[in-house]
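Student: Any chance you can model this:
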Amino acid sequence: MEAMGQLTISEEIMRRVPQFKIGVITYNSIVVSDSPQMLKGRFRLYQEEMAIQLESNDLISYTGIVEWRKAFKSLGIDPGRYRPSSEALFRRVKKNDFLPSVNSAVDVNNFLSLRHQIPFGIYDLNQLSGSITIRVGTSEDKYLGINGRVNNMEGKLLSADDQGAFGSPIVDSKRSIITEKTTSAVHIVYLQPTMNESECRQLVQSVGNMFTQIHGGNFQFSIVT
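Tutor: As a prediction, the model looks like this:
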């Protein structure tokens with residue numbers, strides 16, 4: 001089943017990156033917890049195997065990394081200064097700075113970002129209000145981030161609801177973080193711009209299936225262009 005009309009992309013973004021597309025998944029009746037040991041073990045092993053690959057593979061050999069660096073440049077964002085979150089994860093793994101377990105939802109989100117080489121964001125729906133817009137930040141867009149700092153989001157790619165900016169493929173806000181109290185969530189998938197619709201739908205549906213296998217509940221999805 002598909003969810004429609006929940007998220008829009010600004011005209012500015014579509015003008016600068018005509019192939020820009022987002023997968024959006026809404027989850028209901030989910031149970032977030034400390035990650036099961038199987039998930040922790042799989043995630044750790046995946047990072048260790050990737051670190052070995054990265055010893056001989058440069059980041060430019062990963063198409064998802066390359067595409068999102070290009071998209072950032074098209075949006076006027078310096079990807080050397082503000083890295084797409086997926087690339088930031090790759091760079092941590094390359095240095096054997098493996099990602100710690102946070103909770104089941106965040107761990108799955110990070111695993112998927114590494115696996116598909118693209119930014120993912122997951123947010124507590126009960127902390128959001130109204131519709132979601134993907135746009136470039138203005139001078140008024142600031143928030144306390146998960147990095148513990150107040151982040152100025154002017155000129156950066158972000159997601160905003162009726163209360164203002166709450167997330168970004170650079171750094172997310174604390175307002176919308178997933179906790180073990182979360183029962184409904186929205187997953188924002190920053191798809192590779194060159195992917196076709198069939199590839200996008202297949203990827204996003206597989207994400208929803210994997211997430212609900214671990215967290216229960218149900219999901220709806222759409223591809224927004």
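
Student: all strands for this protein, in order.
Tutor: For the chain, the strands defined by DSSP state E cover 7-9, 22-28, 120-124, 132-136, 142-144, 150-152, 157-161, 164-167, 185-190, 218-224.

Student: Could you tell me which strands sit next to the second one in the sheet, and their orientation?
Tutor: It refers to strand 22-28. The pairing partners recorded for strand 22-28 under DSSP bridges are strand 185-190 (antiparallel), strand 218-224 (antiparallel).

Student: How about the first one?
Tutor: For strand 7-9, the paired strands and their directions (DSSP bridges) read strand 132-136 (parallel).

Student: Same question for the fifth one.
Tutor: Strand 142-144 pairs in its sheet with strand 150-152 (antiparallel), by DSSP bridges.

Student: Please name the nearest non-neighbouring residue to residue 54.
Tutor: residue 94 (4.2 Å; C-beta to C-beta, 6 or more residues apart in numbering). C-beta coordinates here come from the backbone N, C-alpha and C atoms, glycine included.

Student: just for this structure, where's the confidence low?
Tutor: 1-5 (pLDDT under 70).

Student: Spatially central residue in it, please.
Tutor: residue 120 (1.4 Å; C-alpha atoms, centre = their mean).

Student: I'd like the distance from that one to residue 203, if you could.
Tutor: 11 Å (C-beta to C-beta, to the nearest Å).

Student: now the helices for this structure?
Tutor: Ranges of helices in the chain, per DSSP state H, are 11-16, 37-56, 63-74, 85-94, 104-116, 197-215.

Student: Residue 158 is nearest to which of the ones you listed?
Tutor: For the helices of the chain, proximity to residue 158 was assessed by C-beta to C-beta; helix 11-16 is nearest, at 10.5 Å.

Student: quick one: the residue nearest to residue 54 and residue 48, what's the gap?
Tutor: Residue 94 is 12 Å from residue 48, by C-beta to C-beta.

Student: Quick check: residue 185 touching residue 30?
Tutor: Yes: at 6.4 Å, residue 185 and residue 30 qualify as touching, with contact defined as C-beta atoms under 8 Å.

Student: Take the helices of the chain and lay them out in TSV including distance to residue 138 and mean neighbour count.
Tutor: Formatted as TSV, the helices of the chain follow (distance: least, C-beta to C-beta, whole Å; neighbours: other C-beta atoms under 10 Å):
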stretch	distance to residue 138	mean neighbour count
helix 11-16	11	13
helix 37-56	36	13
helix 63-74	18	19
helix 85-94	21	19
helix 104-116	27	21
helix 197-215	29	16
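
Student: Among those helices, which comes closest to residue 180?
Tutor: Here helix 104-116 is closest among these (C-beta to C-beta), at 8.6 Å.
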